[in-house]
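[1] structure for the following, please:
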Amino acid sequence: MLLANYSGFALEAGLDEAGRGCLAGPVFAAAVILPPDFNPRFLNDSKQLSAKRREALRPVICAEAVAWAVGQASEAEISSLNIAQASYLAMHRAVAALSIRPEHLLVDGNRFRPLPGYEHTCIIGGDGLYRNIAAASVLAKTFRDDYMSALAAEFPEYGWAQNAGYPTAQHRQAIRTHGPSPHHRMGFRLL
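    The predicted structure follows:
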């Protein structure tokens, strides 16, 4: 059973990212503030859910959250900043896009670049412990997967509709065969 809140503040935003380990595409992050009684069936870390369950949860989260937002950092920003700093930038953008200012940020992971004016707590494995981080995990993953599926229509040879830019054997073989696309992260070891 996931916990509703860490800080005790009603407006606690859970933060998580998706796409950190990918070879292509932006990194996405979501910030989600949930009502205290929000506890839909199957809510969990997005990596523990099937694509079908993630897609079923997304509209429920979007409809019932007190506030939610998604941010991203581009491949160019990943290259210039590094993936960790770009992930923090995407999280900062998600927080900035929230319609309500959170009282506390609950971040999945062990590190976060502080956002001026906000208190935060990092929780390793938080997406499997807290509902607001799990909800952020689902939104970040589904919005990023949709983005990569749209890119796949333009670059079908890389299989992004299936691998979402992650380093599968098929994705690496496509890079060997076709070379990198404009959406590949050139600072990453592609092969």
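
[2] can you show me the strands along this structure?
    12-18, 27-33, 67-73, 104-108, 120-123 (DSSP state E).

[3] between strand 104-108 and the first one, find me the angle.
    Going back to what we said before, that points to strand 12-18. Taking axes from the mean of the first three to the mean of the last three Cα atoms, to 10 degrees, one finds strand 12-18 and strand 104-108 inclined to each other by 30 degrees.

[4] show me what strand 12-18 is packed against.
    In terms of contacts (3 or more Cβ pairs under 8 Å, 6 or more residues apart in numbering; DSSP states H and E), strand 12-18 is packed against strand 27-33, helix 83-97, strand 104-108, helix 131-154. For glycine as for every other residue, the C-beta is placed from the backbone atoms N, C-alpha and C.

[5] need these in a markdown table with mean neighbour count and distance to residue 54, can you?
    Listed next are these as a markdown table, based on neighbours: other Cβ atoms under 10 Å; distance: least, Cβ to Cβ, whole Å:
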| stretch | mean neighbour count | distance to residue 54 |
| --- | --- | --- |
| strand 27-33 | 31 | 12 |
| helix 83-97 | 21 | 18 |
| strand 104-108 | 24 | 16 |
| helix 131-154 | 23 | 5 |
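
[6] how about the ones you listed, which one is nearest residue 46?
    Residue 46 lies closest to helix 131-154 among the helices and strands packed on strand 12-18, at 4.1 Å (Cβ to Cβ).

[7] so which elements touch that closest one?
    With contacts taken as 3+ Cβ pairs under 8 Å, 6+ apart, helix 131-154 sits against strand 12-18, strand 27-33, helix 51-64, strand 67-73, strand 104-108, helix 160-163.

[8] how about the fifth one as PDB, C-alpha atoms only?
    It stands for strand 104-108. Presented in PDB, the C-alpha positions along strand 104-108 are these (Å, rounded to 0.1, in the frame of the first residue of the first chain):
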ATOM      1  CA  HIS A 104       6.900  20.700  -0.400                       C
ATOM      2  CA  LEU A 105       8.600  18.700  -3.100                       C
ATOM      3  CA  LEU A 106       9.000  14.900  -2.700                       C
ATOM      4  CA  VAL A 107      11.600  13.700  -5.200                       C
ATOM      5  CA  ASP A 108      12.200  10.200  -6.400                       C
END
